[in-house]
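>>> only geometry, no sequence info:
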Ligand SMILES: *Cc1c(COP(=O)(O)O)cnc(C)c1O
């Protein structure tokens, strides 16, 4: 039986999945229906920060599963309390709201910002500035804030009062921001849009402009947060502090959970009853997230991310020297993007598929950029095996 072919009988055809169907996995290795071994350089799209089936996370999950699964937001629970404490004590923010995904996190951040502006100023302060090419999730508010019209144009009418500035362009943001802006939402590294790091002066200027016009600065760290860039949060590379941080992806290292962290000053944006979610703060997801956070928030582990990133770059640059497929290898930590030479323009998906044919799982980020988001603790041996396979995959296309 081929499981991949069965799928289309029962599911909406949204994703166009690859032929490889993993049955089990461990660390950075996935095993398929025929026991083929695939090296994992994508970790569930930057989610499995500690690889597959990390023993400590398994223990935490099993222990919590025997104690308490779900209580709703009518009651406090211990794992949620601990997670709120860990996230606020280790970030520039003071208060947390826990939800279930990245989209829910950006949605909550934008709603909080609108409501804060309405309560503290007047209705004219309702604009949201986001950036072209950005990605903030898939609800209608999130795709509208996102800067890729392919995700929003077919769902009109869209929520109004969202404007898009040019990323990394100071003049563009200066021209658009004024006192009618409630919030600016930005990814410190545009991930889905092609792994494009913000230049420091750009984010520093955003901070200045948001202070000047009393707008809330939201960092969407759904992909960059929780160790991915070699620091706990990407904002820590930039010498500034956002007012709200959006988290998800690696927060649960594979268990679904999202969160926003908010500075005290803006915490009153949400008050009793103004927002909510049934599953948010679920004991199972919070217990796993606490365990994952305590493992990742460790200097040795974070230094290891940068070491591994160095190893990846060495292999990839050597491969590229021979094949000349990529014009640039960029990113921060283990969020790596490789921009295709013009000659190979639009081939990122083909490269991803060729990777799977050679038993290495990689990603794309826009049609012209290959992306790698491996586990933060991937062993050097797996980096080597995977890079050799990736070289074979690229060779098969050249
Ligand atoms: C993945 C992602 C989201 C959406 O997260 P979901 O969990 O898929 O809803 C939002 N923002 C960024 C930056 C992301 O990378």
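The structure has been received and is ready for your questions. Note that the coordinates shown come from a computational prediction; the quantities given were computed from them, not determined experimentally.

>>> Could you list the residues of this protein in contact with the ligand?
In this structure, the chain approaches the ligand at residues 101-103, 106, 135-137, 187, 191-192, 220, 222-223, 248-249, judged by CB under 6 Å from any ligand atom. Backbone N, C-alpha and C define where each C-beta goes, glycine included.

>>> ok, residue 364 - contacts?
Neighbour list for residue 364: 348-349, 351-352, 370-371 [criterion: CB atoms under 8 Å, 6 or more residues apart in numbering].

>>> So what does it look like in phi/psi?
Phi and psi for residue 364, reported as degrees, to the nearest 10, are phi -120, psi 160.

>>> is it in a bridge, and if so with what?
The residues paired with residue 364 through beta bridges, assigned by DSSP bridges, are residue 370.

>>> Please tell me the pLDDT value assigned to it.
Predicted confidence (pLDDT) at residue 364: the value is 98.

>>> For the residue nearest to residue 68 when sequence neighbours are not counted, what are phi and psi?
Using CB to CB, 6 or more residues apart in numbering and skipping the chain neighbours, the partner closest in space to residue 68 is residue 283 (4.8 Å). Listed backbone geometry of residue 283 is phi -60, psi -40, with angles given as degrees, to the nearest 10.

>>> surely residue 283 meets residue 76?
No: under the contact definition of CB atoms under 8 Å, residue 283 does not touch residue 76, with a separation of 10.4 Å.

>>> So for those two, which residue has more residues nearby?
Between residue 283 and residue 76, counted using other CB atoms under 10 Å, the more crowded position is residue 283 (19 against 10).

>>> which residues does that one contact?
Shown in contact with residue 283 (CB under 8 Å, 6+ apart): 64, 67-71, 77-80.

>>> same deal with residue 320?
Residues near residue 320 by CB under 8 Å, 6+ apart: 326, 329, 338.

>>> and those residues, which are buried?
Among the contacts of residue 320, those classed as buried by neighbour count (16 or more other CB atoms under 10 Å) are 326, 329, 338.

>>> Show me which of those is closest to residue 277.
Ranking those by separation from residue 277, with CB to CB as the measure, puts residue 338 on top at 36.8 Å.

>>> Just confirm the closest one is within a helix.
No: membership of residue 338 in a helix is not supported by DSSP: H, G, I helix; E, B strand; the rest coil, which gives strand.

>>> burial measure for the residue in the chain positioned nearest to the ligand, as a count.
When distances are taken as CB to the nearest ligand atom, the chain reaches nearest to the ligand at residue 102, 2.2 Å away. Counted with other CB under 10 Å, residues neighbouring residue 102 total 27.

>>> Backbone torsions only: list them for it.
According to degrees, to the nearest 10, the main-chain angles of residue 102 amount to phi -70, psi -40.

>>> And the pLDDT at residue 5?
Note on residue 5: pLDDT of 88.

>>> got the contact list for the strand or helix carrying it?
Counting by DSSP states H and E, the element that carries residue 5 is helix 3-10. Under the criterion CB under 8 Å, 6+ apart, residues 17-21, 33 lie in contact with helix 3-10.

>>> Would you state the strands of the stretch 151-300 of the chain in chain order?
Read by DSSP state E, counting those that start in this stretch, the stretch 151-300 of the chain holds these strands, from start to end of the chain: 162-165, 181-186, 189-190, 196-197, 216-220, 244-247, 258-262.

>>> quick one: buried residues of the longest helix along the chain?
Among the elements of type helix in the chain, defined by DSSP state H, the one spanning the most residues is helix 299-323. Neighbour counts using 16+ other CB under 10 Å place 301-302, 304-305, 308-309, 312, 315-316, 319-320 of helix 299-323 among the buried residues.

>>> Which of the helices or strands spans residue 106?
In the assignment (DSSP H and E), residue 106 maps to helix 102-120.

>>> quick check: mean pLDDT across that helix?
For helix 102-120, the mean pLDDT works out to 98.

>>> name the helices or strands packed onto that helix?
Helix 102-120 makes packing contacts with strand 95-99, strand 127-131, helix 140-145, strand 181-186, strand 216-220, strand 244-247, strand 258-262 when contacts are defined by 3 or more CB pairs under 8 Å, 6 or more residues apart in numbering; DSSP states H and E.

>>> Once you drop chain neighbours, what's closest to the residue most central in space within the chain?
The structure's the chain has its C-alpha centroid closest to residue 223; by CA atoms, centre = their mean the separation is 1.5 Å. Spatial nearest neighbour of residue 223, chain neighbours left out: residue 191 (4.0 Å); criterion: CB to CB, 6+ apart.

>>> count of residues packed around the one you found?
Burial measure for residue 191: 29 neighbouring residues, criterion other CB under 10 Å.

>>> pLDDT score for it?
Residue 191 carries a pLDDT score of 98 in this model.

>>> That one touches residue 225, doesn't it?
No: the criterion here is CB under 8 Å, and residue 191 misses it with residue 225 at 10.9 Å.

>>> roughly how far apart are residue 294 and residue 288?
Applying CB to CB, to the nearest Å, one obtains 11 Å for the distance of residue 294 from residue 288.

>>> ok, these two, which is more surrounded?
For residue 294 versus residue 288, neighbours defined as other CB under 10 Å are more numerous around residue 288 (27 against 13).

>>> Next, the contact list for that one, please.
Applying CB under 8 Å, 6+ apart as the definition, the contact partners of residue 288 turn out to be 57, 60-61, 64, 252-255, 257.
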